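**Q** sharing a model prediction with you, sequence too.
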Amino acid sequence: MQAITYNEFLPLLLGPGALGPYEGYDPRVDPSISNEFSTAAYRFGHTMLSPSLMHIDASGRTQAFSLAASFFNPELVEAEGIEGFLRGLAIQQAQEIDPLLIDEVRNMLFGAPGGPVRDLAALNIQRTRDHGLADYNTTRMAYGLPPVQAFGDVSSDPEMEAALRSAYGEIGYLDLWVGGLAEDHLPGALVGETFHAILVEQFRRLRDGDRYWYERDPYFVANLGLLFELRSTTLADVIRRNTPIGDELPDRVFGGPPPAAKPDGACILGDISPGFSLVAYEGGTVADLKACARGLGITALYARLDGRYVPYLLDAPAIVNRAFGTLFAEGVAPLTQLLVRSPDPPASAGGADE
């Protein structure tokens, strides 16, 4: 769960590299959940909901089920099967993160037909006030961001600016949840500046303040090949391993940009997960392979040897890469050798060969 969240989901939500590299456990870091995160920022997902749930069976037949009719309705999964909903969720496009919520959660939340219903937007706003959260500008300053002076500084959309001014009158009254959703998104991210700051700070503390973080597990530290396998595991992998679902499931169930294009005739990049890509090297000399890797900005390679991934550092002394002595005998790389790219070589990569 940690690997998928931090390597696959968060780079899409916050942008690549937003959290910075993991540098180990820091006992001074408090990993507890902030009020701003739990009560406001991490409720951005409410705006991403669609009015219906898509179900796709094994033959590809598609049907949609009303979200409002699905609340507290486990019989739906029992009748239709979880696999179809997993296929649908992987294909169905989420709504944009903004202050707009679908009618199913604005006017039909948790209600039986004809019975009392709730408004999720109103609940979220009231919850922030009940929890004593500061207003939008005060929270920005608490996270090291400058206060905004006008509603036009929150959103460049004239209609959004007018709606905020009509609802709040003065910028100092703006609720954190509403203001955070209304912000223009940062480049490469799905949220604006304020929510981005809150989310980055929280997820960084959850990682750096966790002494049981998976990347410091002694077993994985001693078996870097297995650590890589875990790092490169995606949610699609987990679903395929535990259900009858096969290749009809997209590799990138969270979405994201398409795989990188083929850069030249020697190297082929295919995405595994953010930060890790497969390179199919079509033979040639080791020198050619290194030149190909450097041309792609690759600093560390991982080749599959005897069922495990072994690191090969491009500029390391020969002794570090001695496991490759027989693999690259006489300076000729094997045909279609699968190598894996990492943006930063692991600090203890050489230990995997010892």
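**A** Yep, it's here.

**Q** which residues sit in contact with residue 190?
**A** Taking CB atoms under 8 Å, 6 or more residues apart in numbering, we find residue 190 in contact with 12-14, 97. C-beta here means a position set from N, CA and C on the backbone, and glycine is covered the same way.

**Q** can you list the domains in the chain?
**A** Listed by automatic domain parsing, the domain ranges of the chain are 2-49+94-207, 217-353.

**Q** now the longest one: how far from the chain's centre is it?
**A** When C-alpha coordinates are averaged (CA atoms, centre = their mean, to the nearest Å), domain 2-49+94-207 and its chain have centres 16 Å apart.

**Q** for that domain, measure first residue to last.
**A** End-to-end span of domain 2-49+94-207 (CA to CA, to the nearest Å): 9 Å.

**Q** for the record, mean pLDDT for it?
**A** On average, the pLDDT along domain 2-49+94-207 is 94.

**Q** what of stretch 58-75?
**A** Stretch 58-75 comes out with an average pLDDT of 86.

**Q** identify the residues contacting it?
**A** Residues from elsewhere that reach stretch 58-75 (CB under 8 Å, 6+ apart): 49-56, 76, 80, 83, 88, 102, 104-105, 108-111, 244, 248.

**Q** doesn't residue 51 make contact with residue 104?
**A** Yes. Taking CB atoms under 8 Å as the definition, residue 104 is a contact partner of residue 51 at 5.3 Å.

**Q** and stretch 53-70, end to end?
**A** 8 Å.

**Q** go on, stretch 53-65?
**A** Start-to-end span of stretch 53-65 (CA to CA) is 5 Å.

**Q** okay, buried residues for it please.
**A** The neighbour-count check on stretch 53-65 (16 or more other CB atoms under 10 Å) flags 53-56, 65 as buried.

**Q** what about burial for the contacts of stretch 58-75, which qualify?
**A** Buried among the contacts of stretch 58-75 (16+ other CB under 10 Å): 49, 52-56, 83, 88, 102, 104-105, 108-109.

**Q** any chance of JSON lines for these, columns distance to residue 139?
**A** Listed next are these as JSON lines, based on distance: CB to CB, whole Å:
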{"residue": "49", "distance to residue 139": "25"}
{"residue": "52", "distance to residue 139": "34"}
{"residue": "53", "distance to residue 139": "34"}
{"residue": "54", "distance to residue 139": "36"}
{"residue": "55", "distance to residue 139": "40"}
{"residue": "56", "distance to residue 139": "41"}
{"residue": "83", "distance to residue 139": "42"}
{"residue": "88", "distance to residue 139": "36"}
{"residue": "102", "distance to residue 139": "26"}
{"residue": "104", "distance to residue 139": "29"}
{"residue": "105", "distance to residue 139": "24"}
{"residue": "108", "distance to residue 139": "31"}
{"residue": "109", "distance to residue 139": "26"}
